[in-house]
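Undergrad: No letters, just coordinates:
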């Protein structure tokens with residue numbers, strides 16, 4: 001109402017630095033008001049001071065109601081540092097594996113071979129054969145078998161390498177009927193080649209640098225492979241002859257008794273499960289090679305048992321190996337036989353044998369505990385093939401099995417082991433959840 005006496009107006013908060021200092025000094029000089037109104041005034045004063053500090057410290061947030069996140073705790077800082085160190089260690093390990101492959105490759109191969117052959121050594125030890133003698137007999141027997149297979153298929157392989165240019169021409173001739181739509185492009189390229197040949201017919205001598213043929217390149221690769229094979233056999237012999245010495249050393253340096261038990265359990269499971277897996281898969285692949293060789297021989301395929309040996313080696317690459325083998329057999333069969341029906345028999349026979357092996361035989365013998373899903377196998381094969389070439393692609397799946405067995409013994413790595421495993425039936429998942 002006009003003329004009415006106005007009450008005391010509330011004081012506006014002073015956001016200036018002098019105002020805040022004056023308010024703090026006034027607060028120190030007077031005793032706190034115990035009334036509820038006094039407590040509310042003090043809380044309002046604290047909020048005003050905090051608003052001024054935010055106004056001064058973060059000028060880009062003036063007029064914004066955003067609250068700064070609290071500082072990281074010590075545990076969060078340690079977690080961040082741990083992840084950074086883990087990433088740095090992974091990068092260093094990758095560089096070490098790539099540049100040290102000439103040294104690491106024979107060692108890893110020897111370790112896997114020792115795991116595969118250790119059950120045979122243990123069997124001979126139970127027959128009262130000394131451990132060193134058993135290791136020598138098993139290692140030399142394995143080396144002799146591999147050399148025998150190599151010498152058996154070396155002749156057909158050399159023949160195929162020498163005939164590679166003629167085979168290529170025959171393939172091009174076979175495929176020429178399928179390229180009728182590209183006749184215009186081919187005629188144009190032919191005219192360009194004829195013009196180039198006509199212009200180059202003069203008396204000028206030309207120097208042509210001869211490139212090494214496939215046979216020379218294969219010989220170089222064969223020499224390098226023999227060196228790696230020899231070093232691997234020697235290291236395998238020492239692994240088998242040493243027995244459980246390294247396990248005893250690891251157990252000895254463990255400080256706690258439960259750690260010793262865990263090491264013994266992990267090493268025992270790796271030896272039993274991985275060695276049985278490798279030996280079983282090697283025997284299955286050998287049987288597959290014989291079956292594929294016989295099927296291709298019955299189909300009239302030339303050098304049938306050469307393709308059987310190739311099928312045995314390629315089957316160490318699940319999913320990828322069978323596709324490569326079927327494609328190669330189909331290509332050679334298409335070149336060898338004239339009729340399409342006869343050319344389809346060898347690749348279809350290869351497909352039938354590998355399908356029976358992959359869908360029925362291997363799951364029944366190996367079991368589902370060590371089965372791996374297709375995605376993890378594909379990624380592992382691609383990674384190790386990029387890192388170590390053909391040898392890396394061959395050892396990718398055995399290394400993946402070793403990782404899966406190790407992860408099953410550590411609770412923190414159970415997620416990795418579950419990712420590597422194949423899809424389980426729903427009933428098994430319900431049992432595990434119960």
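TA: Perfect, I can see it now. Here the structure is a predicted model, which means the values were calculated and not measured.

Undergrad: can you list contacts of the helix or strand hosting residue 276?
TA: According to DSSP states H and E, residue 276 maps onto helix 275-298. The contact list for helix 275-298, computed with C-beta atoms under 8 Å, 6 or more residues apart in numbering, reads 112, 115-120, 304-305, 307-313, 315-316, 325, 329, 346, 349-350, 352-354, 357, 361-362, 365-366, 370, 398, 401. Where C-beta positions appear, they are placed from N, C-alpha and C, glycine not excepted.

Undergrad: Show the subsequent helix or strand relative to it.
TA: helix 304-314.

Undergrad: how much does the helix or strand following that following helix deviate in direction from helix 304-314?
TA: Of the helices and strands lying after helix 304-314 in sequence (DSSP H and E), the nearest is helix 320-336. Per axes from the mean of the first three to the mean of the last three C-alpha atoms, to 10 degrees, the angle that helix 320-336 makes with helix 304-314 is 160 degrees.

Undergrad: So which bits of helix 320-336 are buried?
TA: By neighbour count with 16 or more other C-beta atoms under 10 Å, helix 320-336 contains the buried residues 320-322, 325-326, 328-330, 332-335.

Undergrad: Looking at these, spot the one nearest residue 374.
TA: Among the buried residues of helix 320-336, residue 320 lies closest to residue 374 (C-beta to C-beta), at 10.0 Å.

Undergrad: How many residues are close by the residue nearest to that closest one when sequence neighbours are not counted?
TA: Nearest non-adjacent residue to residue 320, counting by C-beta to C-beta, 6 or more residues apart in numbering: residue 381, 5.8 Å away. Residues contacting residue 381 under the criterion other C-beta atoms under 10 Å number 23.

Undergrad: Residue 381 against residue 396, yeah?
TA: Yes: assessed by C-beta atoms under 8 Å, residue 381 is found in contact with residue 396 at 4.6 Å.

Undergrad: Quick one: low-confidence residue ranges for the stretch 51-200 of the chain.
TA: Where the stretch 51-200 of the chain drops to pLDDT under 70, the residues are 51-70, 156-157, 160-200.

Undergrad: Please enumerate the helices of it.
TA: Applying DSSP state H, counting those that start in this stretch to the stretch 51-200 of the chain gives helices spanning 74-99, 101-126, 131-162, 164-175, 183-199.

Undergrad: Can you tell me which of the contacts of helix 275-298 are buried?
TA: Here, 16+ other C-beta under 10 Å leaves 112, 115-120, 304-305, 307-313, 315-316, 325, 329, 346, 349-350, 353-354, 357, 362, 366, 370, 398, 401 buried among the contacts of helix 275-298.

Undergrad: Residue 327 versus residue 297, what's the distance?
TA: 20 Å (C-beta to C-beta, to the nearest Å).

Undergrad: What's the first helix or strand after the lengthiest helix in the chain?
TA: Longest helix in the chain, counting residues (DSSP state H): helix 374-407. Note on helix 374-407: by DSSP H and E, the next helix or strand toward the C-terminus is helix 414-420.

Undergrad: what helices or strands is that next one leaning on?
TA: helix 374-407 (3 or more C-beta pairs under 8 Å, 6 or more residues apart in numbering; DSSP states H and E).

Undergrad: Which other helices and strands does the helix it packs on contact?
TA: helix 74-99, helix 101-126, helix 257-269, helix 275-298, helix 320-336, helix 414-420.

Undergrad: Not counting its own residues, what contacts the shortest one?
TA: When you say that, I think you mean helix 414-420. 372-373, 376, 400, 403-404, 407-408.

Undergrad: list the buried ones in that helix?
TA: 416-417, 420.

Undergrad: still on that earlier bit, closest to residue 106 out of the buried residues of helix 320-336?
TA: residue 321 (22.6 Å).

Undergrad: Hmm, residue 314 and the closest one touching each other?
TA: Yes: applying C-beta under 8 Å as the test, residue 321 and residue 314 come out as touching, 3.4 Å apart.

Undergrad: can you list contacts of stretch 356-374?
TA: 273, 277, 280-281, 284, 288, 291, 315, 318-319, 322, 397, 400-401, 404-405, 419-424.

Undergrad: buried subset of the residues you listed?
TA: Neighbour counting by 16+ other C-beta under 10 Å classes 273, 277, 280-281, 284, 288, 291, 315, 318, 322, 397, 400-401, 404-405, 420-421 among the contacts of stretch 356-374 as buried.

Undergrad: follow-up on the earlier one: minimum distance to residue 385: which of the helices and strands packed on helix 374-407 has it?
TA: helix 320-336 (9.2 Å).

Undergrad: which outside residues touch that closest one?
TA: 167, 170-171, 174, 292, 296, 301-302, 307, 310-311, 313-315, 317, 343-347, 350-351, 354, 358, 378, 381, 393.

Undergrad: try stretch 337-351
TA: So stretch 337-351 is contacted by 292, 295-296, 298-301, 307, 311, 322, 325-326, 329-330, 332-334, 336 (C-beta under 8 Å, 6+ apart).

Undergrad: Can you get me a residue count around residue 413?
TA: 14.

Undergrad: my guess is it meets residue 407, correct?
TA: Yes: with contact defined as C-beta under 8 Å, residue 413 counts as touching residue 407 (4.0 Å).

Undergrad: Let me know whether residue 105 touches residue 228 as I believe.
TA: Yes: the pair formed by residue 105 and residue 228 meets the contact definition of C-beta under 8 Å, at 6.6 Å.

Undergrad: Nothing else from me, thank you.
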